[in-house]
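Visitor: generate a structure from the sequence data that follows.
(chains A and B)
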Amino acid sequence: SQELEQSPQSLIVQEGKNLTINCTSSKTLYGLYWYKQKYGEGLIFLMMLQKGGEEKSHEKITAKLDEKKQQSSLHITASQPSHAGTYLCGADLNSGYSTLTFGKGTMLLVSP
Amino acid sequence: DTGVSQDPRHKITKRGQNVTFRCDPISEHNRLYWYRQTLGQGPEFLTYFQNEAQLEKSRLLSDRFSAERPKGSFSTLEIQRTEQGDSAMYLCASSLRLSLAELNTGELFFGEGSRLTVL
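Guide: Numbering: from 1, shown residues only, chains lettered A, B, ... in the order given. The predicted structure is shown next:
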């Protein structure tokens, strides 16, 4: 079973609309990271959340961490074509490896 | 550009051949990671180095895979006797961690990846 579940798997939104992507962990979170990936390219770091209730924003993207629910959400306000790509959450899960475990990603398409 | 660089970007090979990928991390970074990513999946951890020491290896890293970081700078990932199931994007990432006591992984800086196709 997947340790990090992302929902939805894919999303098509009209330009200008808001959207939310969720990431839920089956294990205790020691740190939650959001990355963006364009097809065939590497991952670009967006934000890191460490404490329950923490919220960070960068431009029109806001991420929140709910430690009790072992969940994080990524919210994009007034989406633009430049937001298109795959959003991946990664986490420190203390699952035996000193590295990040990733979800499968959420593919976002923004239609004009 | 002082980011993480990977070479080659694309490699097509026949089953049974050996392939080697190279990763040059950001120069002051002491940690280097290798991940594998297949279509529609998130990156899966393979191995990581702290300086030249290989500290962890995933169970995904079969005995056909070997990784080195001889001088604590660049790293190579070699796959021997490639199989079609090895077809994937191989991603390298680096980070700076000043102490092993730092529990969080911290921000990983990824390269563009090396895409392997095994025919």
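Visitor: which residues does the worst-scoring helix or strand of chain B on mean pLDDT contact?
Guide: Of all helical and strand segments in chain B, the minimum by mean pLDDT, DSSP states H and E falls on strand B:53-57, at a mean of 90. Identification of contacts with strand B:53-57 by C-beta atoms under 8 Å, 6 or more residues apart in numbering or on different chains yields A:97-99, B:46-49, B:67-69. For glycine as for every other residue, the C-beta is placed from the backbone atoms N, C-alpha and C.
Visitor: run a quick neighbour tally on the closest residue to chain B within chain A.
Guide: When scored by C-beta to the nearest C-beta, chain A has residue A:102 as its residue closest to chain B, at 3.3 Å. For residue A:102, the neighbour count with other C-beta atoms under 10 Å in any protein chain shown is 25.
Visitor: just residue A:59 next, same as before
Guide: Neighbours around residue A:59, by other C-beta under 10 Å: 11.
Visitor: contacting residues around residue A:20?
Guide: Contacts of residue A:20 (C-beta under 8 Å, 6+ apart): A:73-76.
Visitor: show me which residues of stretch B:70-78 are buried.
Guide: Neighbour counts over stretch B:70-78 (16 or more other C-beta atoms under 10 Å in any protein chain shown) mark B:74-75, B:77 as buried.
Visitor: what comes up buried for stretch A:75-94?
Guide: Neighbour counts over stretch A:75-94 (16+ other C-beta under 10 Å) mark A:75-76, A:79, A:83-93 as buried.
Visitor: of the residues you listed, which ones also sit close to chain B?
Guide: With C-beta under 8 Å from any C-beta of the partner chain as the criterion, those include A:88, A:90, A:92 near chain B.
Visitor: where do the strands sit along the chain?
Guide: Picked chain A for this. Applying DSSP state E to chain A gives strands spanning A:4-7, A:10-14, A:19-25, A:32-37, A:43-49, A:55-58, A:61-66, A:71-76, A:85-91, A:101-102, A:106-111.
Visitor: I was after chain B.
Guide: Taking DSSP E as the criterion, chain B contains strands spanning B:5-7, B:10-13, B:19-24, B:31-37, B:44-50, B:53-57, B:65-68, B:75-79, B:88-95, B:109-110, B:114-118.
Visitor: a markdown table please, covering those strands and showing distance to residue A:28.
Guide: Formatted as a markdown table, the strands of chain B follow (distance: least, C-beta to C-beta, whole Å):
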| stretch | distance to residue A:28 |
| --- | --- |
| strand B:5-7 | 33 |
| strand B:10-13 | 39 |
| strand B:19-24 | 31 |
| strand B:31-37 | 22 |
| strand B:44-50 | 18 |
| strand B:53-57 | 19 |
| strand B:65-68 | 29 |
| strand B:75-79 | 31 |
| strand B:88-95 | 22 |
| strand B:109-110 | 25 |
| strand B:114-118 | 33 |
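Visitor: now do the contacts for the spatially most central residue of chain B.
Guide: Centrality entry for chain B: nearest residue to the mean C-alpha point is residue B:34, 2.5 Å, by C-alpha atoms, centre = their mean. By C-beta under 8 Å, 6+ apart, the residues touching residue B:34 are B:23, B:46-48, B:67, B:75, B:77, B:90-92.
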